[in-house]
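Peer 1: Sequence unavailable; structure follows:
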């Protein structure tokens, strides 16, 4: 495996772990608002990010590469406890993750590492779903200012995105 491809995959592994930690934190913050469905969605999202890290780790092992845990720089994308501000920060963060995943695909392709290019396609598709989830959640906040109404709509969004895993 090309060293540049390995570095990008290893960084992505660490980003997935950091994202999981971030989502767990935001899930706890949202609890303060009594938005059980939003909190639960973020908790499920965190578990999904851990699965992504495991998937990358397993792939690197198959390629006889190793993982290296970086200093996990969990981005403090927002210090607010306000649900909408947290969601806006998550949405921006997911766009950055999409850019990182696309960079892995580009570098893998340029280095003719087609195994990694094929592997990362799953993550590209997943990021499309993550950005759609963010858009759906943001739309829920646009529909109402009542957090309980929003939380009920988020329950529907959660079921749409996570029904297969429950």
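Peer 2: Sure, I can see it. The shown structure was predicted, so the numbers you read here are calculated from the model rather than taken from an experiment.

Peer 1: what ranges do the helices span in this protein?
Peer 2: All helices of the chain, identified by DSSP state H, fall at 3-31, 36-62, 83-110, 114-143, 147-162.

Peer 1: Out of those helices, flag the one nearest residue 70.
Peer 2: Closest to residue 70 of the helices of the chain, according to C-beta to C-beta: helix 3-31, at 4.5 Å. All C-beta atoms are positioned from the backbone trio N, CA, C, and that covers glycine.

Peer 1: Select, out of the helices of the chain, the one closest to residue 68.
Peer 2: Closest among the helices of the chain, using C-beta to C-beta: helix 3-31, at 5.6 Å.

Peer 1: From residue 60, how far out is residue 149?
Peer 2: Counting by C-beta to C-beta, to the nearest Å, the gap from residue 149 to residue 60 is 44 Å.

Peer 1: Neighbour count: those two, which is higher?
Peer 2: The neighbour comparison of residue 149 against residue 60 (other C-beta atoms under 10 Å) goes to residue 60, with 20 against 12.

Peer 1: Can you name the residues that contact that one?
Peer 2: Listed by C-beta atoms under 8 Å, 6 or more residues apart in numbering, the contact partners of residue 60 are 6, 9-10, 13, 66-67.
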